[in-house]
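Attaching a predicted model along with its sequence, questions to come.
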Amino acid sequence: MRDVAIIGVGMKKCGELWEKSLRDLYVESALDAIDDAGVDHIDSMYVGCMSGGLFAGQEHIGALMADYLGQTPVPATRVESACASGGAALRAGFLEVASGMSDIVLVGGVEKMTDVSGDEATYALATASDQEWEAFNGITFPGLYAMMAVAHMHKYGTTSEMLASVAVKNHANGSKNPLAQFPMKITVEDVLSSVMVADPLHILDCSPITDGGAALILCPADQAKKLAKKAGVKILGCGMASDTIAYHSRGDLTTLGAVVKAAGLAYKMSGKGPKEIQVCEVHDCFTIAEIIVSEDLGFFEKGKGGAAVKGGETAIGGKIPINTSGGLKSKGHPVGATGVAQAVEIVKQLRGECGDRQVKGARVGMTQNMGGTGASAVVHIMEVM
Amino acid sequence: MSSPRSWRHYPQRYRYEAAVCTKCGKVHFPPRLICDACKGREFTTKTMARTGKILTHTIVRVGPSNFADQSPFAVAVVEMDDGPRITCQVADWNQGQLTIGQKVRLEFRKIYDEGASGIINYGYKAVPI
Amino acid sequence: MTVGIVGYGAHLPRHRIKVEEIAKVWGADAPSYKKGLELREKSVPAPDQDVITLAVEAARNALARAQIGAQEIGAVYVGSESHPYAVKPTGTVVAEAIGAVPNCHCADFEFACKAGSEAMFVCTGLVKSGYIKYGLAIGADTSQGAPGDALEYSASAGAAAYIMGSENLVATIDLQHSFMTDTPDFWRREYQHYPQHAGRYTGEPAYFKHTLGASKALLEKSGMKPADFDFAVFHQPNGKFPMRVGKMLGFKREQLETGWLVPLLGNTYSGASPLGLTAILDIAKPGNKIFMCSYGSGSGSDAFILTVTDRIREAQDRAVKTRKLLDENKIYLEYGEYAKFRKKILKAE
Ligand SMILES: [Zn+2]
């Protein structure tokens, strides 16, 4: 396999983008990534998208995007792994370049979520759970993660204040990110007094409904210097794993097994360990998710993730800065784009382009993206060249 | 949900029929074609115990569109007495009964209907005992 | 051939509303309802309960007491005036849920409040004829009274299920008799939510004429008199009527009280006298004689004479007892919640 580098990134501000369509969101971020890299063509492209069908009534998204990006007849493939669609698309692009099949590959992710009502969006998101044995009974994603929170609180003494600390930190980071959907700073009290969505998760424990797109240009690492305008970021490790689709079937209701497995694969491939990761974007779809993932990635002992975030260990300047972009919580969570948007942030961090939220001297970073209640997990480890 | 899609799961949703792996004895609910524990492919049918205990729980205050008129409602992961775990609503609970370890029994309930003129989907909910 | 009950079971919703809570909303005089109709509270089905769900749970309890395989059941009849579907049987869902499909006869009955006893009557006949080994008869309702109408204080929900057979009986059905005429005292037209009734006409020429008619005919047929019975249960649309008809026939209050559930339960329509009978069987002793008489508007009554057998002792504790369902785990509703539960008010689309 060839080494693979990311040589261009593109992303616009996330939010309720009433005037933009599904295709606009993908194409504008793809154009930004192409411009950022400075390439004059692409050989192949991927689109990470969770549910064009339910959110926009549109399937066959690969060809649609190739068409509107003016790139036909390149091969264009849509990748779907629920909220891990973006991460899975990056893995697909990585493999295509690593294999030698293509040289310049565009990996984008997109989701247009605000053309449907709130309960329709809740329904669409719930399709990432087991339709027959979970969603049939009315459970929602906030509900599933709330059950994870109840189990984690019961087993490890994690508190609502610890959960709220995740949101507070991520909004503080997001306030320094011009692309964030909700860049306002919030307090623990704000979170705890916000409306309850699924006990014990308040609305401010939840990531928002977001329109957005993000894109990356990949090429063989040994061609990065020749092709790109900016420093390349090499993908050192790529791990993906699956777990039971239903949350209830997991042996331990407080651990995300696929995250542990995917991280293990990425660590092994990269030759790096948790202590060498200097900046990390994790899938904080709900505050409890960031706490559990921070443990499952090996940054903290099991059960200590809540205390770590409350103690500032995951803030910028802390032991391991997590979600410097603001995370899904503040930056926004356009589900199919999220895995790609995480890579955009890490590339910018490793290129030293993050301004007020820059982690000083960061050379090695990680992204962790997951779908459903962690039935799909994708982890990438990257290093600036 | 189309009526055949609902109908095909009646043995589980109505009668709690599980599959017991002939090779390793694991009880699967719902039944599978291959055992995830031992990869065995032969099973016998067994009626799962109707009682179990709550492993974790929540109250869904914002339901999906097909449950919007039921919100808020309680949901739990329940471990049945003979092993399988399920996710289902908790009905008719009193203060203090939506807790980890609470004993429950499955009751036959309406889960949701397809509007006023559509099919009614029935299934199980857990009721504290 | 001796035929009778092999297993019986009840199911009630846990939710209740008190008479005062309803009266408060309509500016009605609660003490007069409580005294005049002898009603204190009634059961209310949760939004996820209907005739099918109540019937399934009652049938499961009956099966637990019968100790037979569901595959041996040759008929499933559910009597109700609130079947969830206008077209599609309640009984098929019940039969599927208890595992009685597919070699089984199935039909839904409707005869206002006597559809449950009708199912019992027909099952008994089919067993006696030898066409079926066991028959499952259920009376279940989730009835509605129009907001502010007198029926709103009584219309409630519950189910009773009986498995009829000819072996391993907990009670024999010694005689049964049906009495009916066309009497327009209460009705509900298609597509209408709430029934209409003819006020005081529902009493003398309707309820009393038919319960007395069926009861007297059966007593005469049997050669028995009220004093020969340990228990009696009549259809109970309110607290007053069953006590009055019982006394008119010569039964004493002590014979009537065990099956008199209505003050705390309300009128469960097709479930009413069948549920009263479950409460009697829960405490009955071998050899006890029981008199039962239903009433359904339109109008008719089915009367039964039963004798409790030795097997009652082992059956009683195999499933939850009716008084326990009536008295425990109650959840009281305010009128607003009740109105939502009964879809009297609907959330905006
Ligand atoms: Zn096995």
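Cool, the structure landed. Residues are numbered from 1 along each chain as shown, chains lettered A, B, ... in the order given.

next one: phi and psi at residue C:161?
phi -130, psi 140 (degrees, to the nearest 10).

May I have the beta-bridge partners of it?
residue C:9, residue C:138 (DSSP bridges).

is it true that it touches residue C:120?
No. Using CB atoms under 8 Å, residue C:161 makes no contact with residue C:120, being 9.8 Å away. Just so you know, the C-beta spots here come from the backbone N, C-alpha and C atoms, and that holds for glycine as well.

Between the two, which contacts overlap?
Common contacts of residue C:161 and residue C:120 (CB atoms under 8 Å, 6 or more residues apart in numbering or on different chains): residue C:137.

Which of those two has more residues huddled nearby?
More neighbours surround residue C:161 than the other of residue C:161 and residue C:120, with 36 against 30 (other CB atoms under 10 Å in any protein chain shown).

dump the residue contacts of that one.
Contacts of residue C:161 by CB under 8 Å, 6+ apart are C:8, C:9, C:10, C:11, C:55, C:58, C:59, C:61, C:62, C:136, C:137, C:138.

any idea how far it is from residue C:94?
For residue C:161, the distance to residue C:94 equals 9 Å [CB to CB, to the nearest Å].

Residues that sit against both of those two, list them.
Contacts common to residue C:161 and residue C:94, judged by CB under 8 Å, 6+ apart, are C:55, C:59, C:136, C:138.

May I have the predicted confidence score for the last one?
So that's residue C:138. Confidence at residue C:138, expressed as pLDDT, is 98.

ok so, going back, reformat the contacts of residue C:161 into a markdown table and put distance to the ion next to each item.
Output for the contacts of residue C:161, formatted as a markdown table (distance: CB to the ion, whole Å):
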| residue | distance to the ion |
| --- | --- |
| C:8 | 40 |
| C:9 | 36 |
| C:10 | 40 |
| C:11 | 37 |
| C:55 | 37 |
| C:58 | 37 |
| C:59 | 34 |
| C:61 | 34 |
| C:62 | 36 |
| C:136 | 37 |
| C:137 | 42 |
| C:138 | 39 |
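
and which of those residues is nearest residue A:284?
residue C:11 (45.2 Å; CB to CB).

list the contacts for the residue nearest to the closest one when sequence neighbours are not counted?
Take residue C:11 and drop its neighbours on the chain: the residue closest to it by CB to CB, 6 or more residues apart in numbering or on different chains is residue C:57, 3.8 Å away. Neighbour list for residue C:57: B:107, B:108, C:9, C:11, C:159 [criterion: CB under 8 Å, 6+ apart].

What about the nearest residue to residue A:205 once chain neighbours are set aside, how many residues nearby?
Among residues not flanking residue A:205 along the chain, residue A:287 sits closest, at 4.3 Å (CB to CB, 6+ apart). The number of residues packed near residue A:287 is 31, by other CB under 10 Å.

ok, residue A:287 to residue A:326 distance?
Note on residue A:287: its distance to residue A:326, by CB to CB, is 13 Å.

need the residues of chain A near chain C, please.
Among all residues of chain A, none is adjacent to chain C (criterion: CB under 8 Å from any CB of the partner chain).

so the residue of the stretch 151-300 of chain C found nearest chain B is in which element?
At 11.0 Å from chain B, residue C:159 is the closest residue in the stretch 151-300 of chain C, using CB to the nearest CB. Under the criterion of DSSP states H and E, residue C:159 resides in strand C:157-165.

That strand: how far from the chain's middle?
Strand C:157-165 has its C-alpha centroid displaced from the chain centroid by 8 Å (CA atoms, centre = their mean, to the nearest Å).

that older thread, for the contacts of residue C:161, pick the one with the most neighbours.
residue C:138 (36 neighbours).

I'd say that one and residue C:83 touch.
No. With contact defined as CB under 8 Å, residue C:138 and residue C:83 do not form a contacting pair (11.3 Å).

Turn the contacts of residue C:161 into JSON lines, including distance to residue B:10.
What follows is the contacts of residue C:161, written out as JSON lines (distance: CB to CB, whole Å):
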{"residue": "C:8", "distance to residue B:10": "26"}
{"residue": "C:9", "distance to residue B:10": "21"}
{"residue": "C:10", "distance to residue B:10": "25"}
{"residue": "C:11", "distance to residue B:10": "20"}
{"residue": "C:55", "distance to residue B:10": "16"}
{"residue": "C:58", "distance to residue B:10": "19"}
{"residue": "C:59", "distance to residue B:10": "15"}
{"residue": "C:61", "distance to residue B:10": "21"}
{"residue": "C:62", "distance to residue B:10": "20"}
{"residue": "C:136", "distance to residue B:10": "18"}
{"residue": "C:137", "distance to residue B:10": "23"}
{"residue": "C:138", "distance to residue B:10": "19"}
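
Stretch A:325-344: end-to-end distance?
Terminal residues of stretch A:325-344 are spaced 10 Å apart (CA to CA, to the nearest Å).

Briefly note if it comes near chain B.
No. Using CB under 8 Å from any CB, stretch A:325-344 stays clear of chain B, with a minimum separation of 15.5 Å.

Tell me which stretches of the stretch 51-200 of chain A form strands.
A:76-79, A:105-111, A:196-198 (DSSP state E, counting those that start in this stretch).

Please identify the deepest-packed of those.
Mean neighbour count (mean count of other CB atoms under 10 Å in any protein chain shown) peaks for strand A:105-111 among those, with a mean of 32.

That one - contacts with which helices or strands?
helix A:22-37, strand A:44-48, helix A:61-68, helix A:85-98, strand A:212-220, helix A:338-350 (3 or more CB pairs under 8 Å, 6 or more residues apart in numbering or on different chains; DSSP states H and E).

now the fourth one and strand A:44-48, what's the angle there?
Inter-element angle recorded for helix A:85-98 and strand A:44-48: 160 degrees (by axes from the mean of the first three to the mean of the last three CA atoms, to 10 degrees).

Quick one: distance of helix A:85-98 to the chain centre.
14 Å.

List the buried residues of that helix.
Going by neighbour count (16 or more other CB atoms under 10 Å in any protein chain shown), the buried part of helix A:85-98 is A:85-94, A:96-98.

Taking strand A:105-111 as reference, get the angle to it.
170 degrees.

Show me what the mean pLDDT comes to for helix A:85-98.
98.

picking up where we left off before, please convert the strands of the stretch 51-200 of chain A to JSON lines, extending it with mean pLDDT.
Below are these laid out as JSON lines (pLDDT from 0 to 100):
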{"stretch": "strand A:76-79", "mean pLDDT": "98"}
{"stretch": "strand A:105-111", "mean pLDDT": "98"}
{"stretch": "strand A:196-198", "mean pLDDT": "98"}
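
The worst-scoring helix or strand of chain B on mean pLDDT and chain C, are they touching?
Within chain B, no helix or strand scores below helix B:3-7, which has a mean of 89 by mean pLDDT, DSSP states H and E. No. Helix B:3-7 is not in contact with chain C by CB under 8 Å from any CB; minimum separation 9.2 Å.

Give me the distance from the helix or strand harbouring residue A:294 to the chain's centre.
In the assignment (DSSP H and E), residue A:294 maps to helix A:287-296. Chain-centre distance of helix A:287-296: 13 Å, with CA atoms, centre = their mean.

One more: stretch A:306-326?
17 Å.

residues of that stretch that come out buried?
Quick answer for stretch A:306-326 (16+ other CB under 10 Å): A:306-310, A:313-316, A:320-326.

picking that back up, wait, the residue of the stretch 151-300 of chain C closest to chain B sits on residue C:138?
Yes. Using CB under 8 Å, residue C:159 is in contact with residue C:138, at 6.1 Å.

Mutual contacts of these two, please.
Counting by CB under 8 Å, 6+ apart, the residues touching both residue C:159 and residue C:138 are C:55, C:58.

Without its sequence neighbours, what residue ends up closest to the residue nearest the centre of chain C?
Among the residues of chain C, the one closest to the centroid is residue C:271, at 1.9 Å (CA atoms, centre = their mean). Residue nearest to residue C:271 in three dimensions, not counting chain neighbours: residue C:158, with 4.3 Å by CB to CB, 6+ apart.
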